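A.B. asks: sequence first, then the predicted structure:
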Amino acid sequence: MKLVLLGDPHYPTLDCRDVGRCEVRNKLYKTLFQCLAKEKADAYIALGDLTNSGKAEDLKEFLRLSEELNAPFYCVLGNHDTHGSTKAAFEQMTKRARYSCVEMPQAKLFFVDTTLETRIDDWIGIMDDEQYTWLKRNVADSKKPVFIIAHHPVENTTKRSDERKLYVHENMWEILKQKPGGVYINGHNHMHSIVKQGGWLFVQTGDFLSHLDYRVLQFDGENVLVTTKSLKDELVLADELTQSMEHYTHCTNLSYAKEDLECAFCIEDHRRKEN
């Protein structure tokens, strides 16, 4: 199983009269999807904040670009995705439920919604009772390895996940401890970070515009291999786009340890301990 993980894309809203910046944006994201398609993955996953403003026209254009891909394109809701519309509108446009399970030959992928709706002032992670109960039951019942994909990280795992608005406030460990040997994948915090904790692998992917890269996760039924692939040689610089984007934090002077960019993790070791 090969998954391509795209950190928060933040496709920006631009004035159509600003021809120069529109050309930069269009070239940037078109080239991104052309590069992703070359991976020939089994699935492509965007980790929320597909657009920066949540406007329907931006989401429509971003989804049109994703048609370049040669495999299913999945996404989770990010807090920016409801700035300009509702969760129901997002579901309708993406043709994806806000939380769902996708069964792959070697694993179950659980896509969850950890966002508030239409709250520009608060970007905490939160999960309603109905979804929490659904996830807890289905994780416990899964006979296959579990991969959970969300916008927000689990508290006190990956970088910055100890800050109030930068983690899921529900007790996620009540769910995770049921199935050691799983993988939790998130975006939101705009920094790459990989952590092994409590029998789980936590893979946080930084936002696209700051990093100009993506992750590749490969799983052979026992072993997980995560790598990070830079696109800085293929893509135009994004600085011109990010300078005037509201409610967006562009990270600069980024430097990472090797263990935050690539790792290996044996799921089967932890599943054996469970049994």
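C.D. replies: Right, received. Where do you want to start? Numbers count the residues shown, from 1 in each chain.
A.B. asks: which residues are contacting stretch 62-69?
C.D. replies: With contacts defined as CB atoms under 8 Å, 6 or more residues apart in numbering, stretch 62-69 is touched by 9, 11, 29-30, 32-34, 36-37, 44, 46, 50-51, 73, 93-94. Placement of C-beta: from N, CA and C, glycine included.
A.B. asks: mind checking how far residue 184 is from residue 31?
C.D. replies: Residue 184 sits at a distance of 30 Å from residue 31 (criterion: CB to CB, to the nearest Å).
A.B. asks: how about residue 169?
C.D. replies: On the measure of CB to CB, residue 169 and residue 31 end up 37 Å apart.
A.B. asks: next: residue 150.
C.D. replies: Distance from residue 150 to residue 31, counting by CB to CB: 28 Å.
A.B. asks: repeat that for residue 125.
C.D. replies: 31 Å.
A.B. asks: quick one: which of these two has more around it?
C.D. replies: residue 125 (27 against 15; other CB atoms under 10 Å).
A.B. asks: hang on, the more buried one packs against residue 168?
C.D. replies: Yes. Residue 125 is within contact range of residue 168, at 3.8 Å (criterion: CB atoms under 8 Å).
A.B. asks: can you report phi and psi for residue 267?
C.D. replies: Main-chain dihedrals, residue 267, degrees, to the nearest 10: phi -60, psi -40.
A.B. asks: skipping adjacent residues, who's closest to it in space?
C.D. replies: Spatial nearest neighbour of residue 267, chain neighbours left out: residue 181 (4.4 Å); criterion: CB to CB, 6 or more residues apart in numbering.
A.B. asks: okay, now the one you found: neighbour count?
C.D. replies: 22.
A.B. asks: report the separation between it and residue 148.
C.D. replies: In this view, residue 181 and residue 148 are 13 Å apart by CB to CB.
A.B. asks: how about residue 250?
C.D. replies: Taking CB to CB as the measure, residue 250 falls 28 Å from residue 148.
A.B. asks: so those two - more neighbours on which side?
C.D. replies: It is residue 148, of residue 250 and residue 148, that has more neighbours when counted by other CB under 10 Å, with 23 against 15.
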